[in-house]
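Novice: below: sequence and its predicted model.
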Amino acid sequence: DALTALEPDIEITIIGGEHGLETTLVPARGYQLRSVSAAAMPRKLSLDLFSVWQKVRMATRQSQQILKEVDADVVVGFGGYAALPAYLAARKVACGLVIHEANAKPGLANKLAARFADEVFVSVPGSLRGTTMALPLRSSIAKLDRQQSRSAGREFFGLSSDAPVLLVFGGSQGAQRINEVISQSLPGLLELGIQVLHGYGPKNVSPTSRAGYVAVSYFDRMDLAYAAADLGLTRAGAMTVAEVSAVGLPTIFVPLPIGNGEQKLNALNMANAGGAVVIDNASLNAEWLTQAVGSLVKDGVKLNEMSQAAARCGVKDAGLQLAERVLGVAYRHRAMKSKNERDNS
């Protein structure tokens, strides 16, 4: 969106996997999606790397063909299993490459690409050698004023305008442990007069909504979910942390206890600033959650202080900042390409 705002005639093609959420989300946003046969990369160097390398090579050839077909000037990547083939393809066709690493511990794709990318940006200083820049946000989130949109959010989800709201979600696929604890603590939360807006994840069993409890599989209007909420209970993925801090939502983070351990590190800045509470997945239980949520939402002064602290950690215009740098790389590579064509003619 930021690229289009700066350069209305720009052509954007998304390279993604064949089965991920991008297969529905990207077309819904009006962008062209080209799928490749990408395979999930192991999180660490191991023998598993060799078993998937053939798939990576195939996906790289597919990505290379896509870049040639669209006459790409720059590839922008944020890591993930479909990113490495696109990175390698960009190098092969002498296309510009910009990467952004959002996590405190970078994944393998960005670690490798950082060695040859034109520009490297990091959300957490020191995660890779690069320029510090916050994670770009969707325009609906970047422009959100929670207070002004509070009534609209409550109305959209059918929530009362008077009682506090706990927003619960575990990322795009939900979170089993969080879902279990919410189910166990729900009677106590409702008894305290706390409403719960719960994104349980499309792959999980649908809970039964009741008075004061609204359950949805996936938030199509995440902006209104944030606007409706007084407090969040979430995992600590990089995008989640970036969004809740930008909109100033006090949050209880339950970092996912697998992978590179990046989620706990992602949450530390906002927690240290006073905008969040962090609890380990194994320590989360109904008794603790009911007490913690009850004490926070009943203390308006504390909640407001946490909101302000969270907002100080957030950055809303990172999308435009990154778009400007991406266009700079694209213009340079377009000029180099034109020069080479003239020299060879």
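Specialist: Cool, got the structure.

Novice: grab the nearest non-local neighbour of residue 146.
Specialist: residue 227 (5.0 Å; Cβ to Cβ, 6 or more residues apart in numbering). Yep, even glycine has a C-beta here, placed from its N, CA and C like the rest.

Novice: which of the helices or strands spans that neighbour?
Specialist: Residue 227 belongs to helix 222-228 when assigned by DSSP states H and E.

Novice: which helices and strands sit right next to that helix?
Specialist: When contacts are defined as 3 or more Cβ pairs under 8 Å, 6 or more residues apart in numbering; DSSP states H and E, helix 222-228 sits against helix 139-142, helix 150-157, strand 165-169, strand 195-199, helix 238-246.

Novice: pLDDT of that helix, averaged?
Specialist: Across helix 222-228, pLDDT averages out at 98.

Novice: again, but for stretch 57-76
Specialist: 94.

Novice: okay, buried residues for it please.
Specialist: Under the neighbour-count criterion of 16 or more other Cβ atoms under 10 Å, stretch 57-76 has 59-64, 66-67, 72-76 buried.

Novice: alpha carbons only: can I get that stretch in CSV?
Specialist: The C-alpha trace of stretch 57-76 is given here as CSV (Å, rounded to 0.1, in the frame of the first residue of the first chain):
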residue,chain,number,x,y,z
ARG,A,57,16.2,-25.3,-6.3
MET,A,58,12.9,-25.9,-8.1
ALA,A,59,11.2,-22.9,-6.3
THR,A,60,14.2,-20.8,-7.2
ARG,A,61,13.8,-21.6,-10.9
GLN,A,62,10.1,-20.8,-10.7
SER,A,63,10.8,-17.5,-8.9
GLN,A,64,13.5,-16.6,-11.5
GLN,A,65,11.0,-17.2,-14.3
ILE,A,66,8.5,-15.0,-12.5
LEU,A,67,11.0,-12.1,-12.0
LYS,A,68,11.9,-12.3,-15.7
GLU,A,69,8.2,-12.3,-16.8
VAL,A,70,7.3,-9.2,-14.7
ASP,A,71,10.6,-7.5,-15.5
ALA,A,72,11.2,-6.9,-11.8
ASP,A,73,13.4,-4.2,-10.6
VAL,A,74,13.5,-5.1,-6.9
VAL,A,75,12.5,-8.0,-4.6
VAL,A,76,11.4,-7.2,-1.1
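
Novice: now do the strands in the stretch 1-150 of the chain.
Specialist: For the stretch 1-150 of the chain, the strands defined by DSSP state E, counting those that start in this stretch cover 13-16, 32-35, 74-77, 96-101, 119-122, 131-132.

Novice: can you say which of those strands is packed in most?
Specialist: Ranked by mean neighbour count, those are led by strand 96-101 with a mean of 26 (mean count of other Cβ atoms under 10 Å).

Novice: rewinding a little: let me have the strands of the stretch 1-150 of the chain in TSV, adding distance to residue 335 as columns.
Specialist: What follows is the strands of the stretch 1-150 of the chain, written out as TSV (distance: least, Cβ to Cβ, whole Å):
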stretch	distance to residue 335
strand 13-16	21
strand 32-35	25
strand 74-77	12
strand 96-101	11
strand 119-122	16
strand 131-132	22
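
Novice: quick one: residues contacting the closest residue to residue 82 other than its chain neighbours.
Specialist: Excluding the flanking residues, the one nearest residue 82 by Cβ to Cβ, 6+ apart is residue 38, at 4.2 Å. By Cβ atoms under 8 Å, 6 or more residues apart in numbering, residue 38 lies in contact with 16-18, 55-56, 59, 81-82, 84-85.

Novice: can you report how many residues lie near residue 278?
Specialist: 18 (other Cβ atoms under 10 Å).

Novice: kindly apply the preceding question to residue 55 instead.
Specialist: Residue 55 has 17 nearby residues by other Cβ under 10 Å.

Novice: how far away is the residue nearest to residue 82 from residue 28?
Specialist: The spacing between residue 38 and residue 28, counted by Cβ to Cβ, to the nearest Å, is 21 Å.

Novice: before we move on, back to that, and the helix or strand that the helix holding residue 227 is followed by, what does it pack onto?
Specialist: Sequence order places strand 231-234 as the next helix or strand after helix 222-228, per DSSP H and E. Other elements packing on strand 231-234 under the criterion 3+ Cβ pairs under 8 Å, 6+ apart are strand 165-169, helix 176-191, helix 238-246, strand 251-253, helix 286-297.

Novice: not counting strand 231-234 itself, show me its contacts.
Specialist: So strand 231-234 is contacted by 164-171, 178, 182, 226, 240, 244, 249-254, 289, 293, 296-297, 303 (Cβ under 8 Å, 6+ apart).
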